[in-house]
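[1] Sequence first, predicted model second:
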2 protein chains.
Amino acid sequence: MHATVIHGARDIRYEEVPDPVLSTGGDAIVRVVAACVCGSDLWPYRGVTPTHEPHRIGHEFVGVVEEVGPKVTRVAVGDFVIAPFYDCDNTCINCRNGVSTSCQHGGWWGSEDEFGAFADGGQGEKVRVPHADGSLVATPGYPAEELIPSLLSLADVMGTGHHAAVSAGVSQGSTVVVVGDGAVGLCAVLASKRLGASRIIAMSRHEARQELARAFGATDIVEERGDDGVARVKAMLDDIGADCVLECVGTKESMDQAIRSARPGGMVGYVGAPNGGPELPVRRLFNTNVGVNGGVAPVRGYVEELLADVLAGAIDPGRVFDLELPLSDVAEAYAAMDERRAIKVLLRP
Amino acid sequence: MHATVIHGARDIRYEEVPDPVLSTGGDAIVRVVAACVCGSDLWPYRGVTPTHEPHRIGHEFVGVVEEVGPKVTRVAVGDFVIAPFYDCDNTCINCRNGVSTSCQHGGWWGSEDEFGAFADGGQGEKVRVPHADGSLVATPGYPAEELIPSLLSLADVMGTGHHAAVSAGVSQGSTVVVVGDGAVGLCAVLASKRLGASRIIAMSRHEARQELARAFGATDIVEERGDDGVARVKAMLDDIGADCVLECVGTKESMDQAIRSARPGGMVGYVGAPNGGPELPVRRLFNTNVGVNGGVAPVRGYVEELLADVLAGAIDPGRVFDLELPLSDVAEAYAAMDERRAIKVLLRP
């Protein structure tokens, strides 16, 4: 089969690789129907995190089950399935605590599973899925074509935006600021709206993203950043700041923006992968009783809840995909996202 | 009158000072019945935070209202009152949000109020209380003598321990680790028990404190610190750590201990005043979804709830006072706490 391999900074190749083979009894082979590029894939693409040797990449996909191991009981050949951006058994104590990203037996796409067998990257034609029963969620029947982008978003970005909102405690009537207008930030707007936020301020300087933020439920857009951004946000919110701030970038600047945009006693929900830092300023947090909660989003636990809303037409997070390319053009997909020509690129094998 | 003045490191004096005078209309003069020394008073006592010029000190007291300004309506001359460790109007948006330590009109004992009038320190014979209606809570009648230590604890340590527990989300069935065996840590044990925690591990190396921790509801004591402490705690808690960790010290080491003792997805509630740091390690927090919440405790908002339990005999946080001295011996009170000869010293004018 063919799959995406990163060889180094700005060196993405679509190559022939070995076909996956069932090996652990509890695994499945999924034929990928749609995959995509994540903002976090851009860290190695840009060379910010080094690529020491070529390896598979991609961690978001939906597809059809082609084969299952003898221990698999919850998914069957022919099922259309959503995979989270990691695998998990969904039964260990961390999974039961809602933190399946810390599954005691789980792992990451493009690396070896707990038994030493390879789990393919998501940007390929097929993927061997360890812990198929725990990881995969089957849709009721084969979904309508127009739903596929939204279903794919449940693999990562919509679940991740939702995690930011849940971590910040967004609920009925909350005032919310979303820092970051990438696909996750936009999904965080949608998640906040879904959870009942009364005011949602999206911080964005890009017209197309502002438009989508408004479509997803943003009541206000703030283009300023830094001190000016904080001042604008506070002026809109009783001069104190927001109940909940959703940090969806992962830089020192964005976290600083988030913490300073929260009201005393407010909560920052963060899901931006912190790129080598930043450390959090505990004295400021202490003085204002602003909390910080979140992390790598345990999206597996959110799939069923969000899937119901996607199937009911209540949410359409798939709108974050504004470019679709054949998987063989994956290098162009990375370039388009790197240059911010696209919010998020959907790839079709 | 007489009051306590700090002149520098290890230089605590009981001096004659001007009597307080009503000045803002909404203030009151309280004759102090009992005051005490806080762990945070030891920072300037030890010279860790410098004392640039002599100033009043102390922020915990209960007493009897002697005079009230013409705008005061909620407390009256003769009332026995509990003051929080700061003053607040209890009506501004931050107070209404439960964060009265960020009151838009409040201030701190031993400094000027919003009108530039002096609010006395708590370790004195009398205190002028700005925002008397917002700050003071009157008990129903003059309390029994044996209740006074517990009532005094509501000024700070019991409310602060409770805030650690609330910030960490302690609820029915929670597993809890308490880092710190000072008065606040011990009160955090009591607060956790009161909120329904099923397992409460107190980290302490001092026999008398261990005994009080057990009396307050600790199910286990861990004497180890650092890596060994983390390993002991995890071994007791399914090898993952605690749902809730209450950080009641404020050093880099104690915060590190707290974060590493939380399970994936757990929450650290912290109330230890961070002494110049530490910054929080966001990458570790991100990878494990451990949140950090808390800060300077808005105890005013907890007084009524905890007072009801004190008056009903359901909790007895006053047991943290294991030494009582005349206020004129305040220097010895500081020394006793500094040398850990006493957990907390109660002072009688």
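    Arrived safely.
[2] Would you mind measuring from the closest residue to A:Ile6 other than its chain neighbours to chain B?
    Distance criterion C-beta to C-beta, 6 or more residues apart in numbering or on different chains; nearest residue to A:Ile6, sequence neighbours excluded, is A:Ile57 at 4.6 Å. For the C-beta atoms, the positions are set from N, CA and C on the backbone; glycine is no exception. Plainly put, A:Ile57 is 20 Å away from chain B if you go by C-beta to the nearest C-beta, to the nearest Å.
[3] What is the burial count for A:Ile57?
    Residues lying near A:Ile57 (other C-beta atoms under 10 Å in any protein chain shown) number 24.
[4] residue ranges with poor pLDDT in the stretch 201-349 of chain A?
    A:275-278 (pLDDT under 70).
[5] for it, what spans make up the strands?
    A:220-222, A:242-247, A:262-270, A:291-294, A:323-326, A:345-348 (DSSP state E, counting those that start in this stretch).
[6] what are the pairing partners of the third one, and which direction each?
    Looking back up the chat, that one is strand A:262-270. strand A:242-247 (parallel), strand A:291-294 (parallel) (DSSP bridges).
[7] The longest one: how far from the chain's middle?
    Counting by C-alpha atoms, centre = their mean, to the nearest Å, strand A:242-247 is centred 18 Å from the centre of its parent chain.
[8] likewise stretch A:160-180?
    15 Å.
[9] Apart from its chain neighbours, what residue comes closest to A:Ser23?
    Going by C-beta to C-beta, 6+ apart, A:Ser23 has A:Ala117 as its nearest residue, at 4.5 Å.
[10] Chain B contacts on chain A?
    A:93-94, A:97-99, A:101-102, A:167, A:238, A:240, A:255, A:263-265, A:267, A:270, A:273-274, A:276-283, A:285-296, A:298 (C-beta under 8 Å from any C-beta of the partner chain).
[11] A:Ser167 is in contact with A:Met192, correct?
    For the record, residue A:192 is Ser, not Met. No: counting by C-beta atoms under 8 Å, A:Ser192 does not reach A:Ser167; the two are 11.8 Å apart.
[12] rewinding a little: wait, the residue nearest to A:Ile6 sits on A:Gln123?
    Yes: contact criterion C-beta under 8 Å: A:Ile57 and A:Gln123 qualify, at 6.0 Å.
[13] list the residues that contact both of these two?
    A:Thr4 (C-beta atoms under 8 Å, 6 or more residues apart in numbering or on different chains).
[14] tell me the SS of A:Pro20?
    Recorded secondary structure, A:Pro20: coil (DSSP: H, G, I helix; E, B strand; the rest coil).
[15] Could you say which helix or strand holds A:Glu114?
    Per DSSP states H and E: A:Glu114 is located in neither a helix nor a strand.
[16] show me what contacts it?
    A:His105, A:Gly106, A:Gly107, A:Pro130.
[17] could you redo the last one with a cut-off of 6 Å?
    Going by C-beta atoms under 6 Å, 6 or more residues apart in numbering or on different chains, A:Glu114 touches A:His105.
[18] Report the angle between the helix or strand containing A:Val166 and strand B:262-270.
    Using DSSP H and E, A:Val166 sits in helix A:157-167. Computed with axes from the mean of the first three to the mean of the last three C-alpha atoms, to 10 degrees, the direction of helix A:157-167 lies at 40 degrees from that of strand B:262-270.
[19] so what secondary structure elements neighbour helix A:157-167?
    With contacts defined as 3 or more C-beta pairs under 6 Å, 6 or more residues apart in numbering or on different chains; DSSP states H and E, the packing partners of helix A:157-167 are helix A:183-194.
[20] How about residues contacting the helix it packs on?
    A:157-158, A:160-162, A:164-165, A:170, A:176, A:178, A:200, A:202, A:212-213, A:216-218, A:246, A:248, A:315, A:317, A:320, A:343-344.
[21] just the CA coordinates of it, formatted as CSV?
    Extracted as CSV, the C-alpha positions of helix A:183-194 are listed here (Å, rounded to 0.1, in the frame of the first residue of the first chain):
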residue,chain,number,x,y,z
ALA,A,183,-9.3,24.2,13.3
VAL,A,184,-9.1,23.3,17.0
GLY,A,185,-9.9,26.9,18.0
LEU,A,186,-12.8,27.0,15.6
CYS,A,187,-14.1,23.7,17.0
ALA,A,188,-13.7,25.1,20.5
VAL,A,189,-16.1,28.0,19.5
LEU,A,190,-18.6,25.4,18.3
ALA,A,191,-18.1,23.3,21.4
SER,A,192,-18.7,26.4,23.6
LYS,A,193,-21.9,27.2,21.7
ARG,A,194,-23.1,23.6,22.1
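[22] so how far is it off the chain centroid?
    11 Å.
[23] report the angle between the axes of that helix and strand A:262-270?
    120 degrees.
[24] give the contact list for A:Ala336.
    A:Leu323, A:Ala342, A:Val345.
[25] Filter those down to the buried ones.
    A:Leu323, A:Ala342, A:Val345 (16 or more other C-beta atoms under 10 Å in any protein chain shown).
[26] show me where the stretch 51-200 of chain A has helices.
    A:93-96, A:132-135, A:148-153, A:157-167, A:183-194 (DSSP state H, counting those that start in this stretch).
[27] what helices or strands is the second one leaning on?
    Secondary-structure packing of helix A:132-135 (3+ C-beta pairs under 6 Å, 6+ apart): no helix or strand packs against it.
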